[in-house]
Every structure is written in structure tokens, then in C-alpha cells.
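Novice: How does the following fold in three dimensions:
(one chain, ligands or ions: 1)
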Amino acid sequence: MQKRLAEQAARLGQGSLWELVTGDPARATDFALRVGPLYANFARQHVDREALAVLFDIAREADLPAAMRRLVDGEPVNFTENRAALHTALRGDLSPARAARDAHRQAGEALARMEALVARLHADSRITDVVSVGIGGSDLGPRLVVDALSRPDAPVCVHFVSNVDASAIERTLVGLDPARTAGIVISKSFGTQETLLNGAILRDWLGDGTRLFAVSANVERAGREFGIAPERMLPMWDWVGGRYSLWSAVGFPIALALGMPAFRELLAGAAAFDRHAVESPLEDNLAVWHALTAVWNRNALGAAAQAVFPYDERLRLLPAYLQQLVMESLGKQARHDGEDAGIDTVPVWWGGVGSDVQHSFFQALHQGTQQVPADFIGVSRSDHGHEGSHAAMLSNLLAQTEALANGQPSTDPHRRYPGGRPSTLLLLDALTPSALGHLLALYEHSTYLQAVLWGINAFDQFGVELGKQMATKLLPALRGEAEADDPVTRELLSQIRAPR
Ligand SMILES: O=P(O)(O)OC[C@H]1O[C@H](O)[C@H](O)[C@@H](O)[C@@H]1O
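Specialist: Now for the predicted structure:
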């Protein structure tokens, strides 16, 4: 794959995107797809039709349609842990396979139980606030969706705490009244240090355990560690990866903040995209286009970074969410046969919200020496009623993608914009739960398909374990009860412990 992509990149050269677009004006419409409320335009990616044909050949040879089926059928696509990754079964039943149907049934039962708990909490007029404790996949998804979609008239105000730094929970609890607050501890494993520490602080602060809930695949431990009764516990399963889990009871805070109908709409939006991703032919498949252009940028153009810029304040947490989804999924170098992937895998994903980012780091994107492909995300219709501001937002979005792509010549090298900087534009008709469901499902499937193309596992995360184990081993040294083995760590500990 690498060789074929490199050949195409060499043929295309460094030419400007302006030349590609003006040389083939139909690409503005031909390189675009719509799935319900989500429109995507790839015309400003640095590919032409010949390079695209090669990419689609690669997709065909990798049999991406079969890979999508394996995913939704509940085959053990998480091959290092011999598990399925059935997040699609949490939001739809597009597979007749036994594992998928079972998963969908369990998900439906959990959803019904969650709905009853949501109704109970909403009916309790004493409860004004909810504190959700979790980290990584048990935090970023719900936090993003609540931040993106909650309204000022939300039935309860949901707060999120993740960091083990207790300043986070201190700051959250300071303005709250324990008698009017419910708590949720979300942890698939119920073994995550940060969540257990914050959960214990929350439990003690709440005092009355009747307002503490848990979401976990480890019911036994949640009961033992926190004394949470089974009726206040919602399930997770080992067939859902943490970073793919916001569609499960991990979305309890979402349902509390937005209401159950909005949560169901979010699921339905994602399910509609799932159907598109599974059933559409390769050339009409938005997830495939997104994955192929990502692989192109990484392996043909050698881009070591990928940016994401939502031009909508409500999506400001999307970059952080995508960093976990994409980098934890694709930050691998071993293929399924144990051999080295032999190709560069995930670039560094980063980003920020427009238009703020234009006034901080966009200088480097326009004139820096490194090319950073970017996903720009816009929302066509605003909901705030300030049309002048919305027009300014959209004009900035369009201007940036154009400036990055086309550049501007100048005799003064300091004032020259080289252009040729690729981007994809994703447009949502409006920021509805359904549209957001579509968008997040696109990124999930694109991530999985990139993993298939690279031959790596999108669903494990062994890379995060070593640091966790070492942190646990260092706790006695921090308490002064032991010494660290590593001389540098020893010196650092002596600096930390020295009274000043
Ligand atoms: O839900 P938990 O078991 O508490 O896990 C929370 C998070 O921590 C882990 O270290 C992983 O890196 C994440 O994938 C996971 O989402």
C-alpha cells in the first residue's frame, strides 16, 4: 500500500489545490457526499481522480465492506482480547447475527432501566444537579454531548469530574448542595484509580447513599467498593469499548441533561449513519472516504499531525473526544499477526474551536513548514438567533479552508501564503442530537476502517497500562515508605519531598 500511495503522491507533486480544483471543477460536487443531516466535501484533499481510484482499489483489496459486516455482526474484531466491539448494537439492530441480536436486546433492557431512573430523578424536584465521575471513555463522550446539546432550561445541571487532581472535584462541589445533588460513578472496569478516588470523595460528600448511582461492567466491584445497590446500577459489557460507549448507559448523564427523547434521537442518528456505512457501496460511503483520505494524508503525504476545527462553540470538546477515539484506537504498531505494521499509523490528532484558533495557532498552519491536514466542521443553521454572528462564523470557516488550500502569491516571501494545505469540510444542517449522532458515528467507523487498512486493532489499549502500573508502584515512594528503583525518579522524588 505504502509504495502505491507514494507513487501517486510523486505523480501529483506538491502542486496547489487551486490547480487541482480548477483543472477538474466537477470535483467540488463529485468529491462530496451527504448522509442525512451530515454533508462532507473532500474536494480540498490533495488527491485527484487517479489517486482516488488507487485508494478505492486498496479499499476493495482490504475488503472494507466485509470488515464493516464483521464489526456489526459481533465478530471478535478486538482480536487481541478476542472480543466483539458492538457499539452499533447499542443504537440499532442492523445485523441478524446472534451476537449482535443478543447485544441489542441487552442494550434495550439497559436503556429501559436507564429511562426509569431518568424519570425518577427528573420527578424528584429536590434534585437540581448531577455530578458524573469517570475518565477517558467514561467521561469524554457524555461530557461532549452534554456540552454540545444542553439548553438553559435543562431539567438538571450535569457536572463532570475526571482528573485525579482533587482540585477538579473541589471546584465542582463548592457551589453545590449535597441534599440537591445526585452522583454517578461511571467506570467500565470499576478499577480506575482516578474514578475510584473521585467517586469516594463524591460518596462521602453526598452522605446519603441513596442518590449515588453507578454504571459499570463490574457490578460486583461497584457493590463491594461503593455499596451501591443493584437497583442504582446500570450495566456495561465487555463487548463495548470504553471510547465507543457513550451510546450505552455511560450516556446516563446525557439522558439526565437532555431528556430521554433527545438521547434516543442521538442513538437513532448514529444508527442511521451505521446503516449507511454498512450498506453503501465503497465509492458512495462517507466513512470509507474519510478513512481513505486519512490514510492518504498519513502514508502518501507523510502528515504526522491531523487537526480538527469545529466552527461552533458547542463542539469545543470535540477535539478532546476525538483524541481519545482516534489516538487510543490507532496508536498501535503491531499487526494482527504480531508483525510490525511496516507503515506509519495514527498521526497526532489535535485541534480547537474556530474562530478562536485563528487568533492563536493558525499562523503556523498558513505559513509554517509542516503541512497539517484538517477537518473543518461547520453548522449551517444557528440556534442562537444572532444571524450577524453566525454569518461571521461561517465566513471565517469558508475563508480559512480556501486560504489554506489556495494560498496567495507574493513577491515578498514574508507575505506569501503557499497554500496546498488539505482539508475536509464537514457540515451539519443544524446541531441536533441526530446530526451529532451521525458525526460521531462517522468518526467511529472511519477510525475502525483505518485500523483495518493498517492491519491493527482499533479496540485494545495496552499502551496505557504500563504507566498505570508504575504509578501504583510509586505510591509507597511518594509516602516516603520506599525508594524508587530508577535514579532519575529517585532524584525527582527527593525534590518533591524536600521541605522548602
Ligand atoms: O471506564 P473505566 O474502566 O474506568 O476506564 C476509563 C478509561 O481508562 C483507561 O485507562 C483507558 O485508557 C480508557 O480507554 C478508558 O476509557
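Novice: which bits of the stretch 401-500 of the chain sit near the ligand?
Specialist: Residues of the stretch 401-500 of the chain lying near the ligand by CB under 6 Å from any ligand atom: Gln461, Val464. Where you see a C-beta, it was placed from the backbone N, CA and C, and this is true even at glycine.
Novice: now the stretch 1-150 of the chain
Specialist: So the stretch 1-150 of the chain meets the ligand at Ile135, Gly136, Gly137, Ser138 (CB under 6 Å from any ligand atom).
Novice: In terms of pLDDT, where does the second one sit?
Specialist: With respect to pLDDT, Gly136 scores 98.
Novice: Around it, how many other residues sit close by?
Specialist: Gly136 has 20 neighbouring residues, counting by other CB atoms under 10 Å.
Novice: okay, and the helix or strand of the chain with the least pLDDT?
Specialist: For the chain, counting by mean pLDDT, DSSP states H and E, helix 219-226 ranks last in confidence among helices and strands (a mean of 89).
Novice: on contacts alone, who are the packing partners of the helix or strand just after that helix?
Specialist: Once the chain leaves helix 219-226, the next helix or strand it forms, by DSSP states H and E, is strand 233-235. Contact here means 3 or more CB pairs under 8 Å, 6 or more residues apart in numbering; DSSP states H and E; on that basis strand 233-235 packs against helix 98-123, strand 212-216, helix 219-226.
Novice: follow-up on the earlier one: any chance of a markdown table for the residues of the stretch 1-150 of the chain next to the ligand, columns secondary structure and distance to Trp350?
Specialist: Output for these, formatted as a markdown table (DSSP: H, G, I helix; E, B strand; the rest coil; distance: CB to CB, whole Å):
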| residue | secondary structure | distance to Trp350 |
| --- | --- | --- |
| Ile135 | coil | 20 |
| Gly136 | helix | 17 |
| Gly137 | helix | 19 |
| Ser138 | helix | 22 |
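Novice: Determine which two of the residues you listed are furthest apart.
Specialist: Farthest pair in these (CB to CB) is Ile135 and Gly137. Separation: 8.3 Å.
Novice: Compare these two (neighbour count), which wins?
Specialist: Taking neighbours as other CB under 10 Å, Ile135 and Gly137 compare with Gly137 leading, 25 against 21.
Novice: What is the neighbour count of the residue nearest to the more buried one when sequence neighbours are not counted?
Specialist: Counting by CB to CB, 6 or more residues apart in numbering, Gly137 lies nearest to Gly242, which is 2.8 Å off, once chain neighbours are set aside. The number of residues packed near Gly242 is 26, by other CB under 10 Å.
Novice: Surely Gly242 touches Ile186?
Specialist: No - using CB atoms under 8 Å, Gly242 makes no contact with Ile186, being 9.7 Å away.
Novice: Please enumerate the shared neighbours of those two.
Specialist: Residues touching both Gly242 and Ile186 by CB atoms under 8 Å, 6 or more residues apart in numbering: Ser138.
Novice: OK, contacts around whichever residue of the stretch 201-350 of the chain sits closest to the ligand?
Specialist: The minimum distance from the stretch 201-350 of the chain to the ligand, using CB to the nearest ligand atom, falls at Gly242 (2.8 Å). Applying CB under 8 Å, 6+ apart to Gly242 gives the contacts Gly136, Gly137, Ser138, Lys188.
Novice: rerun at 6 Å
Specialist: Taking CB atoms under 6 Å, 6 or more residues apart in numbering, we find Gly242 in contact with Gly136, Gly137, Lys188.
Novice: And for Thr369?
Specialist: Taking CB under 6 Å, 6+ apart as the criterion, Thr369 is in contact with no other residue.
Novice: Quick check: pLDDT value at it.
Specialist: Per-residue pLDDT puts Thr369 at 95.
Novice: In CSV: the residues of the stretch 1-150 of the chain next to the ligand, plus distance to Val118.
Specialist: Formatted as CSV, those follow (distance: CB to CB, whole Å):
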residue, distance to Val118
Ile135, 23
Gly136, 24
Gly137, 21
Ser138, 18
